[in-house]
Each structure stands twice: as C-alpha cells, then as structure tokens.
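# quick one, structure for this:
(2 chains)
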Amino acid sequence: MTEVSVAKEDVAATAELVVLKSVNKHFGALHVLQDIDLTIARGEVVVVIGPSGSGKSTLCRTINRLETIDSGSISIDGRPLPHEGKELARLRADVGMVFQSFNLFAHKTVLENVTLGQIKVRKADKKAAEEKARALLDRVGVGSQADKYPAQLSGGQQQRVAIARALAMDPKVMLFDEPTSALDPEMINEVLEVMQQLARDGMTMIVVTHEMGFARSAANRVVFMADGRIVEQAAPDQFFSAPRSDRAKDFLSKILHH
Amino acid sequence: MFDFLEDYDLLGAFWTTVQLALLSAVGSLIWGTLLAGMRVGPVPLMRGFGTAYVNIVRNIPLTVIILFTSLGLYQTLNVSLGADDVETVNFRLAVLGLIAYTSAFVCEALRSGINTVPVGQAEAARAIGLSFGQVLRLVVLPQAFRASVGPLTNVLIALTKNTTVAAAIGVAEAATLMKEMIENEAQLLLISAVIALGFVILTLPTGLILGWVGKKVAVKR
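Coordinates of the predicted model:
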C-alpha cells in the first residue's frame, strides 16, 4: 500500500536521514496530507509551521507511523518504514518523539520514565540505565525531581523529562509535535532552551511549533504548510523577511504583529 | 436459641465458600485479563473471540453454567479435573464454572479501566519502541488495574455470593448447609439470618479494604 519503488533510494542514504515521497493521507473525506515531498538531512533542524488543521502534526506523526499513510513512501536512514510488528518497534526506538501533552507514564517516577525504554527495548542493565537517566535529567535541568511522579511536576518540567526520555534511546532523529503548546507562557522558554541546546549539539530535529522565535534562531529550514500541502520552504531569515507565497504572507501578517 | 447450630459445621461450610471465592477470584482475574488483552489487541481473530466469549458467557445464567460443568463436562465427557472422589470433582468443577462466568465481568471491568488511560500513554510507549505486549503489560494495564479497583471489587463481592450456586452440584458450602438446616430445624428466619450475616462478614470488609486500596493506588494525572 505504501511502498513505491523504495529499493533505488539506498544510494543516497548517507546525507538524507528522513525522506518522504508523495505522501498522501485522508481522514475520511478530509485530505490532510497531499503529495508531501520532504527530505531532511542528517543534523538538520527543520521547523514546520502553519495554521491549525494544516496537517503539520499529522505529518510529524506519520514519520514514526503513529499515523499510517494512504500512499507514498517514508524512509528513515535509507530504510522504508516497516509495517506493524517488531521491525516497526525497532525503528521507533531510533526516532525520538516529544508530544504536546508530554505523555509521561503517569504510574512511574520520573527516573523510571527515562529508564523504561533503555531497559525493556535496549536491554540495558538497570544500573547503567539509571546512571544515564540521571545524567540526561541533569542535562535538561530536572535532576532533582528524579524520584517524583509526573503529576507532581510543572508542565515545563514534565516536557523536559519527556525530552530526556526520548534522548535516552539515542535517537537518530527527534520529532517534536507542538512541544510548547500546552505550556504556561512562563515555562515555554525553559523547554525551548533545552531544544536549542539539542540543535546546537547537532541533533536532527523536526519541530512542529508556533514559536516563531525558535524557528528564527534554531532552524536550518522552515517548512510552511497550509491545507495539507507544503506551500513553501526556505531558510528562516528568508522566510520571515521575504515569504514568497501569498498564503505564507497572509499567515505571517496575522501572527507577527501583536 | 442458637443451640441447633452446634450440630452443624458452620465454619467448615463457610471455609469452603471462602476457598471457592478465592480460587475463582484468582482464576478469573487471570483469564479476564487475558480476555481484555484480546479485546483491545490488534489481531481481529482474538478480538472476535474475546467479544464473542464475553457476550455469550455473561448472558448465560450461572446456574446453567455450573450445572453444565457437572452434567456436561463430568458426567457426559468424563472431565474430572484430576480428582478421584466426587466431592473434589464437584468442587473443582464449581471453581471452573465460576471462573468461566466471572472472567467475562472481570474483562469488562478491566476494559473500562483501560478506557480511562489516555491514548497518549500508549502512543508514548509505542514511540520509545515498546512492542504491543509491552505497551499493554508495562504501561496500559498497570494504570487500568488501578482505575478498575472499584468495579473489580463489585465483581469480587458478586462472585463471593455467586459461590452459593455451587450448591446446585452438591458442593458443601454455606448455601448447601443452609438447605440442610432448613430441612431439619424449625428456625427458618434464624437460619437465613445466620447465613446472611456470614456473607456480610465476608464481603463488607472486602468492600471497605478494597475501597481504601483503590484510593491509595489511584494514578494522579
């Protein structure tokens, strides 16, 4: 259903990490993704912006197959996205994901949240996993909260734990699905700073966000989506100062002057 | 007034009731969890089986199921569950029947618990590379169980009282004793009251303790 001559792509697998080719998806009558072609290079930070309902989140979720696609192909590191099963689970372990609503495991402590995948998927031993988890929690600035439960943390802290949980799997690429949209304004920056640090460290990132400041400062490329299509993509400077499409001009004029 | 009770093994009969209830509770918790796993799983055949099982079994009167274990399984098909004497055979058949019946309700109680777990929990678990089984075992079911303590308590109390149906195949539990006493003594109200009290003594603390446990283990969101 989804495979369209993927075998030929092996050659270019070095620089291109995530490749989407003519991806289509419908939700019933709604055509949420229309012929999406997108290539993300290793180490690149791509920010996806656009109005609500434009398909940005769906696009992000198709990359680790939390959403299936109707046609087209997606490959990661030269390998096409497998169907359900062990293969897919293995691939997902290599793709970190950060959700809008954090989704920390509510019945596990912060530390257990970060060690679970290492122990159960990577088969790391408990000691090593905890050591790594504590180091990651320190890195995102919530080391002192390790033994608390998610509900005891602020939104910003929870989201940083969620980033640590994803990083614990040593992902090849990180997906951020509106990571700051559910946060109080005062907590947005602490999360963005962690993401900016990640970007500087060379992590490949696909970030769906409404934070234009982050797009300007951290992105290598801005992808603008509207009505299920990629309307425009450009370097952030170019996109924000001189958008080419009318749709992007309209969008920017509505969000930038308040 | 209570003199006649000395001629009967009241404690022994209630001990059998407790054994029936506990063994069936453990069995139906296991089988009910498996059924719930099937009903939320990705395999259509298993989903179909789980749905069919629950809808058939929970709509058959327990008496019919218990009688079937004796008349159908034992007397017709010679299934004796590894026991030699009739008493043990009947006891085991009763446990089997109670498990078969109660697990349908356990499954549904658990499934309602699963529905309280936000979808994001399972998505996050899948996103770090856990398999379907792991997602269920490590993330969804632990939270579902905590949310199901209340409904499961109801099922356990119902099960405890349902053990009286085992009297239909001659298991020497509380209801069997009650029938025997009513036949021999002229103390109808008193006998009923004693048996009723016995059940209340069993189930009331169950409800109170599990109510407390349910609050204690509830997942905070």
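
# what residues of stretch A:157-174 count as buried?
By 16 or more other Cβ atoms under 10 Å in any protein chain shown, the buried positions in stretch A:157-174 come out as A:157-169, A:171-174. (Glycine included, C-beta is placed from N, CA and C.)

# low-confidence stretches in the stretch 151-258 of chain A?
A:256-258 (pLDDT under 70).

# interface residues of it facing chain B?
For the stretch 151-258 of chain A, the residues in contact with chain B (Cβ under 8 Å from any Cβ of the partner chain) are A:A151, A:Q152, A:A162, A:R165, A:A166, A:M169.

# closest to chain B out of those residues?
Nearest to chain B among those is A:A151, at 4.0 Å by Cβ to the nearest Cβ.

# not counting its neighbours along the chain, what's nearest the residue in the stretch 51-200 of chain A that chain B sits nearest to?
The nearest approach of the stretch 51-200 of chain A to chain B comes at A:A93, 2.8 Å away (Cβ to the nearest Cβ). Leaving out its chain neighbours, the residue that sits closest to A:A93 by Cβ to Cβ, 6 or more residues apart in numbering or on different chains is B:G129, at 2.8 Å.

# ok, now which ones touch the one you found?
The contact partners of B:G129, by Cβ atoms under 8 Å, 6 or more residues apart in numbering or on different chains, come to A:A89, A:R90, A:L91, A:R92, A:A93, A:D94, A:G117, A:V121, A:M169.

# which SS state does it fall under?
Taken by DSSP: H, G, I helix; E, B strand; the rest coil, the conformation at B:G129 corresponds to coil.

# and it, what's its pLDDT?
Among the per-residue scores, B:G129 holds a pLDDT of 94.

# try A:P82
Here the pLDDT value assigned to A:P82 is 88.

# so what's the closest residue to B:K220 other than its chain neighbours up against?
Nearest residue to B:K220 in three dimensions, chain neighbours excluded: A:A151, at 4.0 Å (Cβ to Cβ, 6+ apart). Residues near A:A151 by Cβ under 8 Å, 6+ apart: A:A106, B:K220, B:R221.

# quick one, which of those are buried?
The neighbour count (16+ other Cβ under 10 Å) marks A:A106 as buried among the contacts of A:A151.

# and which of the residues of the stretch 151-258 of chain A next to chain B is nearest A:L192?
A:A162 (14.0 Å; Cβ to Cβ).

# can I assume that closest one is in contact with A:F99?
Yes: with contact defined as Cβ atoms under 8 Å, A:A162 reaches A:F99; the gap is 6.9 Å.

# quick check: neighbours shared by these two?
Common neighbours of A:A162 and A:F99 (Cβ under 8 Å, 6+ apart) are A:P179, B:A124.

# rewinding a little: the contacts of B:G129 in strands, which ones?
Assignment to strands by DSSP state E places none of the contacts of B:G129 there.

# now do the residue with the largest distance to the centre of chain A, the pLDDT please.
Centroid-distance maximum for chain A: A:K127 at 28.7 Å, with Cα atoms, centre = their mean. pLDDT, A:K127: 95.

# any idea how far A:Q118 is from it?
Look at A:K127 and A:Q118: by Cβ to Cβ, to the nearest Å, they are 11 Å apart.

# also B:A83?
Counting by Cβ to Cβ, the gap from B:A83 to A:Q118 is 48 Å.

# same deal with A:S101?
23 Å.

# residues contacting A:Q158?
A:F102, A:L104, A:P150.

# secondary structure element holding it?
For A:Q158, the host element (DSSP states H and E) is helix A:155-167.

# what sits opposite A:V98 in the beta ladder?
Beta bridges link A:V98 to A:F176 when assigned by DSSP bridges.

# which element, helix or strand, includes B:G133?
Following DSSP H and E, one finds B:G133 within helix B:132-134.

# can you give me the buried ones in the helix or strand that that helix is followed by?
Sequence order places helix B:141-162 as the next helix or strand after helix B:132-134, per DSSP H and E. Across helix B:141-162, burial judged by 16+ other Cβ under 10 Å covers B:141-153, B:155-157, B:159-160, B:162.

# cool, stretch A:93-105 as well?
Applying 16+ other Cβ under 10 Å to stretch A:93-105 flags A:93-105 as buried.

# and what of stretch B:22-39?
In stretch B:22-39, counting by 16+ other Cβ under 10 Å, buried: B:23-25, B:27-29, B:31-33, B:35-39.

# beta partners of the closest residue to A:I49 other than its chain neighbours?
Counting by Cβ to Cβ, 6+ apart, A:I49 lies nearest to A:F224, which is 5.8 Å off, once chain neighbours are set aside. Assessed by DSSP bridges, A:F224 has beta-bridge partners A:I49, A:E232.

# so what's A:F224 up against?
Contacts for A:F224 (Cβ under 8 Å, 6+ apart) come out as A:I49, A:G50, A:I230, A:V231, A:E232, A:Q233, A:F239, A:P243, A:S245, A:R247, A:A248, A:F251.

# list the contacts for A:V23?
Counting by Cβ under 8 Å, 6+ apart, A:V23 has contacts A:L33, A:D35, A:I36, A:D37, A:L59, A:T62, A:I69, A:S71, A:G72, A:S73, A:I74.

# apply 6 Å and report the result again.
Contacts of A:V23 were listed using Cβ atoms under 6 Å, 6 or more residues apart in numbering or on different chains, and they are A:L33, A:I36, A:I69, A:G72.

# now A:P150: phi and psi?
Main-chain torsions, A:P150, degrees, to the nearest 10: phi -50, psi -40.

# what residues does it make contact with?
So A:P150 contacts A:L104, A:A106, A:Q158 (Cβ under 6 Å, 6+ apart).

# phi, psi of the closest residue to it other than its chain neighbours?
The spatial neighbour of A:P150 that comes closest, neighbours along the chain excluded (Cβ to Cβ, 6+ apart), is A:L104 at 3.9 Å. According to degrees, to the nearest 10, the main-chain angles of A:L104 amount to phi -70, psi 150.
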